[in-house]
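Participant: sequence? don't have it. structure:
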C-alpha cells in the first residue's frame, strides 16, 4: 500500500540527539524518513552509510534525513559513533510509528513469513504530504542513491 499523496502520519519519538522529534518540527522542509530493521547489521549499515555519504548533497537541498528502528538510544549512539552518521536516528521501540507508515508487519525472510520491520522509505514534502514512498526496499546499499535521484528531479 502506497502512502503517496496522503498526509504523513504524525509521530513523537526520542532522537539520538537527546530531543523528542515530531513531524510538526519539520514543517516547511522535505524529510526523508527511512525505516530499517537493526543497528550494526550488514544491510542496515550499508544503507546508513549511503545516506551518510550523500548527506552534504541533501543538506544543500534543505532535506532532513531521519533513520527509524526499534533499537534503543544506547544502540543508536554506538551505531552513530561507529560509522560517523551525521543525521538523527529515532527510536520506535513499540513500532507504533512504523506501523502507521506501513513499515512494520508481515514479511518474508529466507522463505519464512515473520513479523518485523519492513525496510522502507518515505519522502515527506514541506506541506506534510508523502510525496514518494518505497514500501519495500530490496537493495539496502543501492537505495540511498535512488532517494537522491528522486530528490534531484
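Facilitator: Looks like it came in fine. Note that the structure is predicted; figures quoted are calculated from it, not measured. Numbering: from 1, shown residues only.
Participant: every contact and neighbour count from this point should use C-alpha atoms.
Facilitator: OK.
Participant: and stretch 106-125, end to end?
Facilitator: 28 Å (Cα to Cα, to the nearest Å).
Participant: can you list contacts of that stretch?
Facilitator: If you take Cα atoms under 8 Å, 6 or more residues apart in numbering as the criterion, stretch 106-125 is touched by 8, 28-37, 69, 98, 102-105, 130-138.
Participant: now, those residues that are in strands?
Facilitator: Among the contacts of stretch 106-125, the ones falling in strands (DSSP state E) are 30-35, 69, 104-105, 130-134.
Participant: among these, which two are most distant?
Facilitator: Greatest spatial distance among the ones in strands among the contacts of stretch 106-125 (Cα to Cα): 30 and 105, at 26.2 Å.
Participant: tell me the helix or strand right after the worst-scoring helix or strand of the chain on mean pLDDT.
Facilitator: Across the helices and strands of the chain, mean confidence by mean pLDDT, DSSP states H and E is lowest for strand 104-109: a mean of 83. For strand 104-109, the following helix or strand on the C-terminal side (DSSP states H and E) is strand 112-117.
Participant: which ones are touching the residue nearest in space to the middle of the chain?
Facilitator: For the chain, the residue nearest the mean C-alpha position is residue 34 (1.5 Å; Cα atoms, centre = their mean). Contacts for residue 34 were tallied using Cα under 8 Å, 6+ apart; they are 65-68, 119-122.
Participant: quick check: closest non-adjacent residue to residue 80.
Facilitator: Distance criterion Cα to Cα, 6 or more residues apart in numbering; nearest residue to residue 80, sequence neighbours excluded, is residue 86 at 7.7 Å.
Participant: what strands flank the least confident helix or strand of the chain, and is each parallel or antiparallel?
Facilitator: The strands beside strand 104-109 in its sheet (DSSP bridges) come out as strand 112-117 (antiparallel).
Participant: now the angle from the partner strand to strand 30-35?
Facilitator: Going by axes from the mean of the first three to the mean of the last three Cα atoms, to 10 degrees, strand 112-117 is angled at 140 degrees with respect to strand 30-35.
Participant: i'd like the first residue to be 102 from this point on
Facilitator: Sounds good: first residue 102 from here, last item strand 213-218.
Participant: how many neighbours does the closest residue in space to residue 112 that isn't next to it in sequence have?
Facilitator: Spatial nearest neighbour of residue 112, excluding adjacent residues (Cα to Cα, 6+ apart): residue 123 at 5.3 Å. Neighbour count for residue 123, taken as other Cα atoms under 10 Å: 14.
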